[in-house]
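Participant: show me the folded form of this:
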Amino acid sequence: MQDQKLGLIEKIGFGAGDMAVNVVMSSMMLIITFFYTDVFGLRPADVALLLISVRMLDAVADPVMGLVTDRIETRWGRYRPYLLVMAVPFGVSVFLTFTTPDLDYNLKLAWAYATYTLVMLVFTAVTIPYISLIGVLTSDPKERLSANGYRLFFAKVAAFLVTIAVPVLAEAWGGGHLARGYQLAMGLMGLLATLMFLFCFFTTTERVRHHVDRKPLKEQFGLLLRNDQWLLLCAVCVIGTVGYVVRGSVAAYYAKYYLGGDARMLSAFLATGVVAAILAMVASTWITKRYCKIALFRWSQLAVGVLSLAMYFLVGPGDVAAAFIFYFLICFIVDLHAPVFWSAIVEAVDYGHARSGKRVAGLSMGGISFFQKAGMGIAGAIVGWLLAWFQYVPDQPQSAHALHGIALMLTIIPGVFHALMGAVMFWYRITDGYYQQIKQQIIHEVPAA
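Facilitator: This next block holds a predicted model:
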């Protein structure tokens, strides 16, 4: 196995793939709950059940997709073909999910279940191969970290487009019919995602060829369960995703009701978080060249817990300037860990390979995605149930009790999850120096003691 350098166009192409992924991911994390309650017209308790049931079903599909990618290899590679085949279905499923049919409540709820299930399954079919792609583009950990920096930068660009453009375009294109506006705005995002997947397919190359044993499923699970660093990252993934999605899902409610804003303030507030995250991608790449990436991961998430607590106590209803400042800082520090996390997953796969002499790649990536989806499902349910608990009423002035709940869901509740994630990372031990030893063991296929 030799290290390979990636060119600028290939890094951009790789990043474009995550831009496509995050048209859906950002929508699911930032606006889907708000869309279902305030535009589509579902009750918060029904939204909670919808999000957790569909996401848990979809989470089970992730390891299955990982097994599929382990067993099929084409002349275009093991992972890239899915970017080509699933590009158009991906865009269409996004459009259908944000289509609001003129039906009675029960039929609308059935439509929501059907289209949300469709978009999440298509999402799985293209995302599992995509997140596995970094492991075969290059074997150089610094190149992987750099490529992941591009990837996450473009992911945040997609999130920026969804947050800044979709609410404004929905209002402008709806002509007084907001549901129609969201359908058209998200249809445009779906088209963009299709084009980005195609660009990713044509500009990337699978260079690293790993021999994948046709191991029985039971053996693969056994190998993963003995990979303590992979298991630790699974726990981190669930914990961090819950915190991230709870905060992101309630941000629109916070801007509209707690700050008293209109559609433009809602858009600006969401975009502030995304801009902070984009800058965090740049800062993380710079910091990790000079400072331990694992230490950055740990301490940044602990700092988020402190900042979240401060925002809860220092920002009151209508304190627009203070809310924007705190939200920017929290979102910036939260995402400093992101490039490190996605590089760590590949390193944990290599760690397991070095220890056992057997590689489990597809199921490893599928498993991580399973836990990410599980975290999203848990977070979606938490938001829906808490909105109901705090007696939230869609598109109406909120009670003091409801406003208090919205503030908690933006600050203290996700802050606790991020602080816990940072604490758990103190058990992660694959440093850059240790990873170099792991690579040498894989090269010579000598299992670690």
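Participant: neighbouring contacts of stretch 143-159?
Facilitator: For stretch 143-159, the external contacting residues (Cβ atoms under 8 Å, 6 or more residues apart in numbering) are 3-6, 11-12, 14-23, 25-26, 30, 134-135, 137-138, 193, 274, 277-278, 281-282, 284-285, 288, 293, 335, 338-340, 342-343, 346. C-betas here are computed from N, CA, C, even on glycine.
Participant: filter the residues you listed down to the buried ones, ChimeraX style.
Facilitator: Remark: buried members of the contacts of stretch 143-159, expressed as a ChimeraX selection using 16 or more other Cβ atoms under 10 Å:
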select :6,11,12,14,15,16,17,18,19,20,21,22,23,25,26,30,134,135,137,138,193,274,277,278,281,284,285,288,293,335,338,339,340,342,343,346
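Participant: in the stretch 201-350 of the chain, where is pLDDT below threshold?
Facilitator: Low-confidence segments of the stretch 201-350 of the chain (pLDDT under 70): 210-215.
Participant: residue 101 belongs to a helix, doesn't it?
Facilitator: No. Judged by DSSP: H, G, I helix; E, B strand; the rest coil, residue 101 forms no part of a helix; its state is coil.
Participant: residues touching it, list them.
Facilitator: Applying Cβ under 8 Å, 6+ apart, the residues near residue 101 are 107, 108, 111.
Participant: in the stretch 201-350 of the chain, which spans are strands?
Facilitator: Shown for the stretch 201-350 of the chain, no strands are assigned by DSSP state E, counting those that start in this stretch.
Participant: how about the helices in it?
Facilitator: Listed in chain order, the helices of the stretch 201-350 of the chain (DSSP state H, counting those that start in this stretch) span 217-225, 228-253, 263-288, 293-314, 320-334, 338-356.
Participant: one step back: now, the contacts of residue 101 that are in helices?
Facilitator: 107, 108, 111 (DSSP state H).
Participant: for the last one, which residues are in contact?
Facilitator: With contacts taken as Cβ under 8 Å, 6+ apart, residue 111 has the following neighbours: 99, 101, 103.
Participant: could you rerun that using 7 Å?
Facilitator: Counting by Cβ atoms under 7 Å, 6 or more residues apart in numbering, residue 111 touches 101, 103.
Participant: start at 11, not 1
Facilitator: In the new numbering, first residue 11, that becomes residue 121.
Participant: per-residue pLDDT, it?
Facilitator: Confidence at residue 121, expressed as pLDDT, is 97.
Participant: quick one: which of the contacts of residue 111 is nearest residue 74?
Facilitator: Comparing those against residue 74 with Cβ to Cβ places residue 121 closest, at 25.6 Å.
Participant: any idea how far residue 340 is from the closest one?
Facilitator: 35 Å (Cβ to Cβ, to the nearest Å).
Participant: same question, residue 302
Facilitator: Relative to residue 340, and taking Cβ to Cβ, residue 302 is found at 23 Å.
Participant: same thing with residue 426?
Facilitator: Residue 426 sits 13 Å away from residue 340 when distances are taken as Cβ to Cβ.
Participant: and for residue 304?
Facilitator: Residue 304 is 21 Å from residue 340, by Cβ to Cβ.
Participant: more crowded one of those two?
Facilitator: residue 340 (26 against 19; other Cβ atoms under 10 Å).
Participant: the more buried one: what's it in contact with?
Facilitator: Taking Cβ under 7 Å, 6+ apart as the test, what residue 340 contacts is 314, 317, 318, 321.
Participant: most neighbours, which of these?
Facilitator: Of those, with other Cβ under 10 Å as the count, residue 314 tops at 31 neighbours.
Participant: the residue lying closest to that residue once chain neighbours are set aside in helix, strand or coil?
Facilitator: Using Cβ to Cβ, 6 or more residues apart in numbering and skipping the chain neighbours, the partner closest in space to residue 314 is residue 428 (4.1 Å). Following three-state DSSP, the label given to residue 428 is helix.
Participant: spit out the contact partners of residue 428.
Facilitator: Here residue 428 is in contact with 250, 253, 311, 314, 315, 344 (criterion: Cβ under 7 Å, 6+ apart).
Participant: how about residue 85?
Facilitator: No contacts exist for residue 85 under Cβ under 7 Å, 6+ apart.
Participant: same question, residue 339
Facilitator: residue 317 are the contacts of residue 339 under Cβ under 7 Å, 6+ apart.
Participant: got a winner among the contacts of residue 428 for most neighbours?
Facilitator: residue 314 (31 neighbours).
Participant: is it true that that residue touches residue 344?
Facilitator: Yes. If you go by Cβ atoms under 7 Å, residue 314 and residue 344 touch, sitting 5.3 Å apart.
Participant: I'd like to know which elements the helix or strand encompassing residue 58 is packed against.
Facilitator: Assessed by DSSP states H and E, residue 58 sits inside helix 54-81. For helix 54-81, the packing partners by 3 or more Cβ pairs under 7 Å, 6 or more residues apart in numbering; DSSP states H and E come out as helix 115-147, helix 372-399.
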